[in-house]
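> build me a structure from this.
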Amino acid sequence: LFSLQHLDLAQNCLLGSFPPTIGALRNLCYVDFSSNQLEEIPDSIGGLFSLKHINLSKNKLARIPLSIGCLKKAKTLDVFCNLIKV
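Now for the predicted structure:
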């Protein structure tokens with residue numbers, strides 16, 4: 001799995017948070033966790049330096065970890081339809 005580049009877990013009724021070990025998937029370029037029930041994103045997401053596209057829309061996220069700012073290659077971050085307040 002360490003060479004995995006594309007991870008699509010959209011519409012899978014995922015609850016709570018995904019494991020912090022996602023940070024070990026260093027080659028990920030695209031993740032889609034949209035349309036689930038996620039409430040938290042682990043800080044380890046900031047270690048996925050190859051990420052370009054992140055879809056976290058339609059979940060129950062109240063915040064995005066500051067570590068997401070470390071994703072220098074990121075082109076899109078979709079957090080539409082969550083509980084995030086500014």
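> what helices and strands are in contact with the lowest-mean-pLDDT helix or strand in the chain?
When the helices and strands of the chain are scored by mean pLDDT, DSSP states H and E, strand 15-17 comes last with a mean of 93. With contacts defined as 3 or more Cβ pairs under 8 Å, 6 or more residues apart in numbering; DSSP states H and E, strand 15-17 has these neighbours: strand 37-40. For glycine as for every other residue, the C-beta is placed from the backbone atoms N, C-alpha and C.
> related to what we said a few turns ago, which SSE is immediately downstream of the least confident helix or strand of the chain?
strand 30-32 (DSSP states H and E).
> name the helices or strands packed onto that next one?
Using 3+ Cβ pairs under 8 Å, 6+ apart: strand 30-32 touches strand 6-8, strand 53-55.
> for it, which residues meet the burial criterion?
Across strand 30-32, burial judged by 16 or more other Cβ atoms under 10 Å covers 31, 32.
> again with stretch 17-26
Of the residues in stretch 17-26, those buried (16+ other Cβ under 10 Å) are 18, 22, 23, 25.
> I figured the second one hits residue 43, correct?
No: between residue 22 and residue 43 there is no contact, the gap being 10.6 Å when judged by Cβ atoms under 8 Å.
> residue 14: which of the helices and strands packed on strand 30-32 is closest?
strand 6-8 (12.0 Å; Cβ to Cβ).
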